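Visitor: Next come a sequence and a model predicted from it.
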Amino acid sequence: MEKKIILSGIKPTGIPTLGNYIGALRNWRQMQEDDKYCYYMVADLHALTVRNDPKELREQTRSMAALLIACGIDPERSPLFIQSHVHQHAELSWLLGCTTYMGELNRMTQFKDKSQKHSDNINAGLYTYPVLMAADILIYGAHMVPVGDDQKQHVELARNIAIRFNNAFGETFVVPEPVMPKFGARIMGLQDPEHKMSKTDTNPNGYISMLDEPAVIMKKFKKAVTDCEPTIAYAEGRHGCNNLLTIYCACTGKTMAEAVAEFEGAGYGKLKVAVAEAVIAEIEPIQATFKRYMDDEAELDRIVKKGAQQAGERAQLTLDKAYRAVGLR
Ligand code: TYM
């Protein structure tokens, strides 16, 4: 049987949050099965769409690679690479840009959000970012793309681009599908549970960083915003409570019904401590492995170099095919 191809990426802008982990990274780890072949990358080109500090970007790219391994990406099995090390992504992006309508890009909610947030730097890269993301996916012939809810629209655009290109130039690309977790495709902020948890939040109490110390994690959950209802339930409009229960289910493997039954009659204090403990149990071993890889620079370099070589070979095949299809060769 032919293996299903998986591709996903994460931007090296800050340390990933619990949201990144539950929404995407945990799924990345779990998808490394015998019937699948996974490519995972640190999307450093994507990080340039907001103003960046070169030294910081270099360091964050490196620590993101170490963290992905710590989260369970096995680089012997799944090529792990840095996006800019595989030059074919940017080349394919040009072809796909010529197959994408501005109307489609205008509809991207992330572009709207980010151009509001960075109103002094609404650059063309921010606008065409979803085209580069489509290139990332299509260049590996990915069937499935594990992402959180906020990236679903971009994967759907990649689907539409693939279908349009195939119709115009003949079967060239696999049409990909987004894959999201059962619980936690959208983990919300702890201080503002109506907005997603984000690593660029200005209030550090709003998110759990994957490198937060256990005592800090406990403190942040204790401060989490909930509501004035006396009971713990998963219900419409109860954003803070729903978010805590979702995180609890994601980290313990319990169903929502089991979680709600467990906290029947209990107060928020008990729920918050239980959620924090479940998160700490999940994150602590990751932090230990992360430190080991950060201390072994040579090994990390070897891994991403090999990953880029493996990814580059596959990417070149698709790029050649696409160039031929449009009449460039
Ligand atoms: P990025 O770096 O913003 O986020 C990485 C992954 O984490 C998920 N995520 C969340 N999931 C649940 N709750 C949250 N609060 C939360 N915040 C983030 C995101 O959905 C994502 O899956 N453009 C991408 C990176 C990228 C990519 C790709 C992804 C570049 N090329 C190709 C897939 C395929 C991004 O900015 O993700």
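Guide: Everything's here; your move.
Visitor: for the ligand, what are the nearby residues on the stretch 101-250 of the chain?
Guide: Proximity of the stretch 101-250 of the chain to the ligand is confined to 133, 136-137, 145, 147-148, 150-151, 184-187, 196-197 under the rule CB under 6 Å from any ligand atom. Yep, even glycine has a C-beta here, placed from its N, CA and C like the rest.
Visitor: Which of the residues you listed sits closest to the ligand?
Guide: Taking CB to the nearest ligand atom as the measure, the ligand lies nearest Gly148 of those, at 2.3 Å.
Visitor: So the closest one sits against Met188, correct?
Guide: No. Using CB atoms under 8 Å as the test, Gly148 is too far from Met188 to be in contact (11.5 Å).
Visitor: Could you tell me which residues touch both of the two?
Guide: Applying CB atoms under 8 Å, 6 or more residues apart in numbering, one finds that Gly148 and Met188 are jointly contacted by Lys196.
Visitor: Next step: the residues of the stretch 101-250 of the chain next to the ligand restricted to helices.
Guide: Among these, DSSP state H puts Met133, Asp136, Ile137 in helices.
Visitor: Output those residues in a markdown table, with pLDDT appended to each entry.
Guide: Below are these laid out as a markdown table (pLDDT from 0 to 100):
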| residue | pLDDT |
| --- | --- |
| Met133 | 98 |
| Asp136 | 98 |
| Ile137 | 98 |
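Visitor: got a winner among these for most neighbours?
Guide: Counting neighbours by other CB atoms under 10 Å, the top entry in those is Ile137, with 30 neighbours.
Visitor: I'd assumed Val155 was in contact with it.
Guide: Yes. Using CB under 8 Å, Ile137 is in contact with Val155, at 6.9 Å.
Visitor: For the chain, which segments are assigned as helices?
Guide: For the chain, the helices defined by DSSP H cover 18-20, 26-30, 54-70, 88-97, 102-106, 109-117, 124-138, 152-169, 214-222, 239-252, 256-262, 268-294, 297-326.
Visitor: Against which helices or strands is the third one packed?
Guide: Pointing back at helix 54-70 there. Here helix 54-70 touches strand 36-42, strand 80-82, helix 268-294, helix 297-326, going by 3 or more CB pairs under 8 Å, 6 or more residues apart in numbering; DSSP states H and E.
Visitor: Can you pull out the low-pLDDT segments for the chain?
Guide: Residues of the chain meeting the criterion pLDDT under 70: none.
Visitor: domains for it, by residue range?
Guide: The record, using automatic domain parsing to delimit domains, assigns the chain the ranges 4-184+297-326, 204-290.
Visitor: Kindly check the end-to-end length of the shortest one for me.
Guide: Pointing back at domain 204-290 there. Using CA to CA, to the nearest Å, one end of domain 204-290 lies 21 Å from the other.
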